[in-house]
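In: Structure of the sequence below:
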Amino acid sequence: MTSTGITKLQEPLRTESTWASKKLAVIEATAGMVGHDIRNPLQAITGDVYLAKLEVDSMLNSERKASLQESLNAVEKNVEYINKIVTDLQDYARPLKPFARETNLEDIIKNLLSRKGTPSSIIISFRVENEAKRIITDPDLLKRILDNLVMNAIQAMPAGGKLKVHAYRDENDYAIAVKDSGVGIPEETKSKLFAPLFTTKSKGQGFGLAVVKRLTKALCGTVTFESREGKGTTFIIHLPFQPKKN
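Out: Okay, the predicted model is just below:
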């Protein structure tokens, strides 16, 4: 094959690679700007809400007190949501340097599922097999992965349902399955599910599952899923027994 022919064959690959690099550079620049310009006022709002809640808590019980508490809780919830968007954006763009160490997987899952704010219409259960209770991984990255998957599962069940987390030791690795009984994933969107900026939800920036894939890859693991429309979805994180040094 002539050198001219080789150049023609390689050009689409170079163009695609260049486009992907430019796209990531834009996301990185945006993440830096967003992190600075949004996090600072968010911290101020969080502090003001905290002080306001203290003042409201000291009030005598009344309809006004209940109404103010409800409003402050709503503000707090929305601040947490905005913060999650910023964190997802930064997690997708920032360089990752995992620090693997012995991690109590059962504690991570238990703390994650016991957090406040989960709708009472969702029944939560989890099981961590004995051989998977302690694993070698980066606990901070793993928390972000599971937090995104659990949040995703909750959002997939607006009318309520069942959320189950099961961690076990497979033949070749550790596995963590996050299963919901929600709306499921349409067949035509499955191939795009982990792409950044893609989302089927009415709100959100489409970084949640892209972040899950990137963080899992940083832990030398993989993420797979099974889903049927109207029947629910199961995401499975596979992590190696002993992560390789990145």
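In: residues touching the residue minimising distance to the centre of the chain, list them.
Out: Centrality entry for the chain: nearest residue to the mean C-alpha point is residue 148, 2.0 Å, by CA atoms, centre = their mean. Contacts of residue 148 were listed using CB atoms under 8 Å, 6 or more residues apart in numbering, and they are 88, 208-209, 211-212. C-beta: built from backbone N, CA, C; applies to glycine.
In: Please flag which of those sit within helices.
Out: Secondary structure of these is defined by DSSP state H; positions in helices are 88, 208-209, 211-212.
In: Which of these ranks first by neighbour count?
Out: Ranked by neighbour count under the definition other CB atoms under 10 Å, the ones in helices among the contacts of residue 148 are headed by residue 212 with 26 neighbours.
In: could you check the distance from that residue over to residue 149?
Out: Look at residue 212 and residue 149: by CB to CB, to the nearest Å, they are 6 Å apart.
In: so what sits against both of those two?
Out: Common neighbours of residue 212 and residue 149, counting by CB under 8 Å, 6+ apart, are 235, 237.
In: distance between stretch 139-149 and the chain's centre?
Out: In this view, stretch 139-149 has its centroid 6 Å away from the chain centroid, taken as CA atoms, centre = their mean, to the nearest Å.
In: averaged over its residues, what pLDDT does the helix or strand where residue 45 lies have?
Out: Residue 45 is part of helix 3-57 when elements are defined by DSSP states H and E. Confidence for helix 3-57, expressed as mean pLDDT, is 68.
In: do stretch 82-94 as well
Out: For stretch 82-94, the mean per-residue pLDDT is 74.
In: Just the CA trace of it, in PDB.
Out: These are the backbone C-alpha positions of stretch 82-94, laid out as PDB (Å, rounded to 0.1, in the frame of the first residue of the first chain):
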ATOM      1  CA  ILE A  82     -26.200  21.400  42.200                       C
ATOM      2  CA  ASN A  83     -23.100  20.200  44.100                       C
ATOM      3  CA  LYS A  84     -23.500  16.700  42.600                       C
ATOM      4  CA  ILE A  85     -23.500  18.200  39.100                       C
ATOM      5  CA  VAL A  86     -20.300  20.100  39.800                       C
ATOM      6  CA  THR A  87     -18.700  17.000  41.300                       C
ATOM      7  CA  ASP A  88     -19.700  14.800  38.300                       C
ATOM      8  CA  LEU A  89     -18.300  17.400  35.900                       C
ATOM      9  CA  GLN A  90     -15.000  17.600  37.800                       C
ATOM     10  CA  ASP A  91     -14.700  13.800  38.200                       C
ATOM     11  CA  TYR A  92     -15.100  13.400  34.500                       C
ATOM     12  CA  ALA A  93     -12.400  15.900  33.600                       C
ATOM     13  CA  ARG A  94      -9.800  15.800  36.400                       C
END
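In: In it, which residues are buried?
Out: For stretch 82-94, the neighbour count (16 or more other CB atoms under 10 Å) marks 84-93 as buried.
In: Tell me the one of those residues nearest residue 216?
Out: Distance ranking of these against residue 216, using CB to CB, places residue 91 first at 11.6 Å.
In: so how far is residue 243 from the closest residue to that closest one other than its chain neighbours?
Out: For residue 91, ignoring the flanking residues on the chain, the nearest one in space by CB to CB, 6 or more residues apart in numbering is residue 211 at 4.7 Å. Relative to residue 243, residue 211 is positioned 18 Å away (CB to CB).
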